[in-house]
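pasting the sequence and the predicted model now:
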2 protein chains.
Amino acid sequence: MGRTSDAREKIISAAQSLIELRGYSALGVAEICKTAGVPKGSFYYFFESKEALALAVLDEHWAGQRREWTRVLHGDADPLARLRQLFEETEASQRAGQQSCGTVSGCLFGNLTLELSNQTEAIRLRLQEIFDAQVDMVESVVAEARERGDVTVADTREAARSVVAQLEGQVLFAKLYNNTSRLSALWANCLALLGVRTPQEAAAEV
Amino acid sequence: MGRTSDAREKIISAAQSLIELRGYSALGVAEICKTAGVPKGSFYYFFESKEALALAVLDEHWAGQRREWTRVLHGDADPLARLRQLFEETEASQRAGQQSCGTVSGCLFGNLTLELSNQTEAIRLRLQEIFDAQVDMVESVVAEARERGDVTVADTREAARSVVAQLEGQVLFAKLYNNTSRLSALWANCLALLGVRTPQEAAAEV
């Protein structure tokens, strides 16, 4: 092993799994390297600090998730159908995580926001950028839906933020109760938050 | 000092402040005792473990918050006005926290859910009980509102859960952006989630 070209990726991938299981603060560099199967010297060759690793984990995870969100939200379906697909894929991905590791691991960004955002400004800023980008992506779909007359919201930014907040809140409950069925409410709630119809009308339609 | 009658309370109070600042995993018993101003021996006299302390912190914090929620939600106002007051008081309390310690500390229960719920079953179960109790309290107000014809939701449990999820999601953003004005969306979103009116109708009304 050693400073092979894939040691950096191994460290990031091990750190991401360990953070999902046990959070960031509880981890030590030695444990991360042991899980990654790389010598401890490699760590400081690639990362200045544990914080630098956390930033790399966030970037890596967001790069993957942004690809998924882009695929879904820039798709050919009607704008609201794309939002629905986003929630369905979120539920499916949390369910797959639960099947592979026994518990719903939730959203890495939400987890690290609540664990770390008040401790390091660099991590807070990176997480803000990521959530800003998520809200941007949802807002642009909401704006498209409004142009077509599918939704009536006055403030598309505020509406997109509320949709992402509802997503984070329900993912928090899915993690707490280790139950992904909590996420099935996302679609009806999204319609309500976008003023399309009331939750009752949405439920009657299913 | 020593095993005085208030040492237990001092330890709980120090632990709560430290957890709000830095999370649970990053804390050691020595630091908690130093902040509390009690000798380390006292800790193990009162608490079997750090986990036992975390449970005591949750119980103490919930006892205080339940009193506030009960005062507001069992008040004399119309059911929906009581929910509005709950959000306004949540915003005011997060703002007061921000003024006293410089940053929005968020919701202790949400913070510990994302940091710890996958690590200790005892803490997961206690947090489930607390959120179940919050949803119960909101649900009973939603049911009252429905009896009066003020809201139309079919499933009061699901609606209450969505209202609490939205609260947790927006408090997460308030913490991340260190900005309590995010919480001003709660009332309009609650009306939308309860099917009372669309966010646009609610905004036009303010």
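Now that the structure is in, tell me what you want to look at.

which ones are touching the residue nearest to A:I123 when sequence neighbours are not counted?
Sequence neighbours aside, A:L116 is the residue nearest to A:I123 in space, at 5.0 Å (criterion: CB to CB, 6 or more residues apart in numbering or on different chains). All C-beta spots, glycine's among them, are computed from the backbone N, C-alpha and C. By CB atoms under 8 Å, 6 or more residues apart in numbering or on different chains, A:L116 lies in contact with A:Y24, A:S25, A:A54, A:I123, A:R124, B:G23.

what about burial for these, which qualify?
Buried members of these, scored by 16 or more other CB atoms under 10 Å in any protein chain shown, are A:Y24, A:S25, A:A54, A:I123, A:R124, B:G23.

and these, which two are furthest apart?
Greatest spacing in those, by CB to CB: A:S25 and A:R124 (15.0 Å).

next one, pLDDT for A:Q200 please.
Per-residue confidence (pLDDT) for A:Q200: 53.

can stretch A:167-179 be found next to chain B?
Yes - judged by CB under 8 Å from any CB of the partner chain, stretch A:167-179 and chain B are in contact via A:L167, A:E168, A:G169, A:Q170, A:L172, A:F173, A:K175, A:L176, A:Y177, A:N178.

helix, strand or coil: sort out the fifth one for me.
It refers to A:L172. Applying DSSP: H, G, I helix; E, B strand; the rest coil to A:L172 yields a three-state assignment of helix.

look up how far B:E168 lies from it.
5 Å (CB to CB, to the nearest Å).

same check on the second one?
If you measure A:E168 against B:E168 using CB to CB, the figure is 7 Å.

list the buried residues of the lengthiest helix in chain A.
The longest helix of chain A (DSSP state H) is helix A:121-147. For helix A:121-147, a neighbour-count test (16+ other CB under 10 Å) marks A:123-124, A:126-128, A:130-131, A:134-135, A:137-139, A:141-146 as buried.

so what does it touch, helix or strand wise?
Using 3 or more CB pairs under 8 Å, 6 or more residues apart in numbering or on different chains; DSSP states H and E, the elements in contact with helix A:121-147 are helix A:50-73, helix A:79-101, helix A:108-116, helix A:156-176, helix B:156-176.

do the longest one and chain B meet?
So that's helix A:50-73. No - contact of helix A:50-73 with chain B is not found when judged by CB under 8 Å from any CB; the minimum separation is 11.6 Å.

same check on stretch A:105-114?
Yes - interface with chain B: stretch A:105-114 contributes A:S105, A:G106, A:G110, A:N111, A:T113, A:L114 (CB under 8 Å from any CB).

mind giving me the domain split of chain A?
Using automatic domain parsing, the domain parsing of chain A gives A:1-47, A:60-205.

list residues touching both of A:L172 and B:E168?
B:G110.

can you count the residues close to A:S100?
Neighbourhood size, A:S100 [other CB atoms under 10 Å in any protein chain shown]: 8.

swap that for A:D150, please
Quick note: A:D150 (other CB under 10 Å) scores 15 neighbours.

and the nearest residue to it once chain neighbours are set aside, what is it in contact with?
Leaving aside its sequence neighbours, A:D150 sits nearest to A:L80 (CB to CB, 6+ apart; 5.6 Å). For A:L80, the contact set (CB under 8 Å, 6+ apart) comprises A:A145, A:D150, A:V151, A:L191, A:L194, A:V196.

just these: which has the poorest pLDDT?
Within the contacts of A:L80, pLDDT is lowest for A:V196, at 85.

which of the three states applies to the nearest residue to that one once chain neighbours are set aside?
Of all residues not flanking A:V196 in the chain, A:V151 sits nearest, at 5.4 Å (CB to CB, 6+ apart). Of the three states, A:V151 takes coil under three-state DSSP.

same deal with A:E48?
Assignment for A:E48 (three-state DSSP): coil.

quick one: mean pLDDT for the helix or strand hosting A:E31?
Remark: A:E31 resides in helix A:29-36, with elements defined by DSSP states H and E. Computed over helix A:29-36, the mean pLDDT rounds to 94.

now stretch A:97-105
90.

how about it: buried residues?
A:G97, A:Q98, A:V104, A:S105.

need the contact list for the closest residue in space to A:L18 that isn't next to it in sequence.
Closest residue to A:L18 apart from its sequence neighbours, by CB to CB, 6+ apart: A:L27 at 5.4 Å. By CB under 8 Å, 6+ apart, the contact list for A:L27 reads A:A15, A:L18, A:I19, A:K50.

now the third one: how far from B:Q128?
Just to be clear, that refers to A:I19. 23 Å.

list the contacts of the residue nearest to the spatial centre of chain A.
The residue lying closest to the centre of chain A (CA atoms, centre = their mean) is A:C107, at 4.6 Å. Contact analysis of A:C107 by CB under 8 Å, 6+ apart lists A:E168, A:V171.
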